[in-house]
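In: the sequence and its predicted three-dimensional model are supplied below.
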Amino acid sequence: MTALLSIARVHKRYGDRALFDLRDLVLDAASAYVLTGVNGAGKSTLLRVLAGLAQADVEGARFDGRPVLLHPYPKALRAAVVYVHQHPVMFSTSVPANIAYGLEARGMARPLVRERVEEAMAWAGVAHLRGHDPATLSGGERQRVALARARVLQPRLLLLDEPTANLDGAAREQVIALIPTLIEEGASVVMACHDRDLINLPSVRRLKLRNGSLEQR
Ligand SMILES: Nc1ncnc2c1ncn2[C@@H]1O[C@H](COP(=O)(O)OP(=O)(O)OP(=O)(O)O)[C@@H](O)[C@H]1O
C-alpha cells in the first residue's frame, strides 16, 4: 500500500485541554476508513485538521510522499482534500449551482461543468430535485447533494463527517448506497461515524479515537 497522507504526530488542544496526541497516522491511497470513538473523542476535529479547517501542532506530514505543512494549508492539499460537513450548508441558488460551485471556482469550462454536474446528480439520485429550492431539501437529500458536490471535485482524500447522522429509513440507506462507489472510484475516504452499516462495509478499515490516541485495525 502507498501512503497518501502520513503524519508522524498530530497534537490538538483546546486551551489547556489536550484533545488528542496521535502518532504515525497513515492513510493509504485508494483506501477507506471509518473513524469511530465516543461523542467528544475528537473525530470531527481530526477531520477538520486534515482538511485545513482547524489548526493543530503537526510534525512530519507527507502527502503523496512529499513533505507538507497543514498550516498554512497548501494549495496541493486544497485541491486534493474535500471535507463534507455533517450538516452541509447549501447556497440558496439551485441544486445544480451548488454542485457546480467548486468546479466553477476552479475555472473549469462551462460545458464540462454542466456535464459533470448532470452525471453527479444522476449518481446521487438528485436529478429530480434540480428545480427545488436548496433550503427546502430534506436532510437525506441535502447530504446526497453534498456528496455529489464533493465527488465532482474528484478528491484524492474525501473526509465525511457522520454522513448518516440524523437520517433513518430510506434516506439513510440511499446515502449508505453511495459510499461504496466513492471508494471504488479510487479516492481515499475517511468517515467519522457511529453507523454500524458504514462501519461494516466491506474493505473499510477502522480507526478508533480513544482517550486521545488512535487505535488502527
Ligand atoms: N472550537 C472549539 N473550542 C473548544 N472546544 C471544542 C471546539 N470544537 C470542539 N471542541 C470540543 O472538543 C471535543 C471534541 O469535539 P468533536 O466534535 O471533535 O468530537 P466528536 O468525536 O466528533 O464528537 P461527536 O461524535 O459528538 O460528533 C468536544 O469536547 C468539543 O466540545
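Out: Now that the structure is in, tell me what you want to look at. Residues are numbered from 1 along each chain as shown.
In: buried set for stretch 98-109?
Out: 98, 99, 100, 101, 102, 103, 108 (16 or more other CB atoms under 10 Å). Yep, even glycine has a C-beta here, placed from its N, CA and C like the rest.
In: kindly report the same for stretch 20-28.
Out: For stretch 20-28, a neighbour-count test (16+ other CB under 10 Å) marks 20, 22, 25, 27 as buried.
In: these: which ones sit near the ligand?
Out: Among those, no residue lies close to the ligand (CB under 6 Å from any ligand atom).
In: which parts of this protein sit against the ligand?
Out: Residues of the chain lying near the ligand (CB under 6 Å from any ligand atom): 14, 19, 37, 39, 40, 41, 42, 43, 44, 45, 192.
In: what residue is smack in the middle of this protein?
Out: The chain has residue 159 as the residue nearest its centroid, 1.9 Å off, counting by CA atoms, centre = their mean.
In: so it makes contact with residue 83?
Out: Yes - under the criterion of CB atoms under 8 Å, residue 159 makes contact with residue 83 at 4.5 Å.
In: returning to that earlier point: restricted to helices, list the buried residues of stretch 98-109.
Out: Those of the buried residues of stretch 98-109 mapping onto helices are 98, 99, 100, 101, 102, 103, per DSSP state H.
In: do a quick rundown of the strands in the chain.
Out: Secondary structure of the chain (DSSP state E): strands located at 3-14, 17-28, 32-36, 57-63, 66-68, 81-84, 157-161, 188-192, 204-210, 213-216.
In: mind putting the ones you listed in JSON lines, mean pLDDT and distance to residue 119 included?
Out: Listed next are these as JSON lines, based on pLDDT from 0 to 100; distance: least, CB to CB, whole Å:
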{"stretch": "strand 3-14", "mean pLDDT": "97", "distance to residue 119": "25"}
{"stretch": "strand 17-28", "mean pLDDT": "96", "distance to residue 119": "27"}
{"stretch": "strand 32-36", "mean pLDDT": "97", "distance to residue 119": "22"}
{"stretch": "strand 57-63", "mean pLDDT": "97", "distance to residue 119": "27"}
{"stretch": "strand 66-68", "mean pLDDT": "97", "distance to residue 119": "31"}
{"stretch": "strand 81-84", "mean pLDDT": "98", "distance to residue 119": "17"}
{"stretch": "strand 157-161", "mean pLDDT": "98", "distance to residue 119": "17"}
{"stretch": "strand 188-192", "mean pLDDT": "97", "distance to residue 119": "19"}
{"stretch": "strand 204-210", "mean pLDDT": "96", "distance to residue 119": "25"}
{"stretch": "strand 213-216", "mean pLDDT": "93", "distance to residue 119": "35"}
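In: need these in JSON lines (columns: distance to residue 131).
Out: What follows is the strands of the chain, written out as JSON lines (distance: least, CB to CB, whole Å):
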{"stretch": "strand 3-14", "distance to residue 131": "38"}
{"stretch": "strand 17-28", "distance to residue 131": "39"}
{"stretch": "strand 32-36", "distance to residue 131": "34"}
{"stretch": "strand 57-63", "distance to residue 131": "40"}
{"stretch": "strand 66-68", "distance to residue 131": "42"}
{"stretch": "strand 81-84", "distance to residue 131": "24"}
{"stretch": "strand 157-161", "distance to residue 131": "27"}
{"stretch": "strand 188-192", "distance to residue 131": "30"}
{"stretch": "strand 204-210", "distance to residue 131": "36"}
{"stretch": "strand 213-216", "distance to residue 131": "45"}
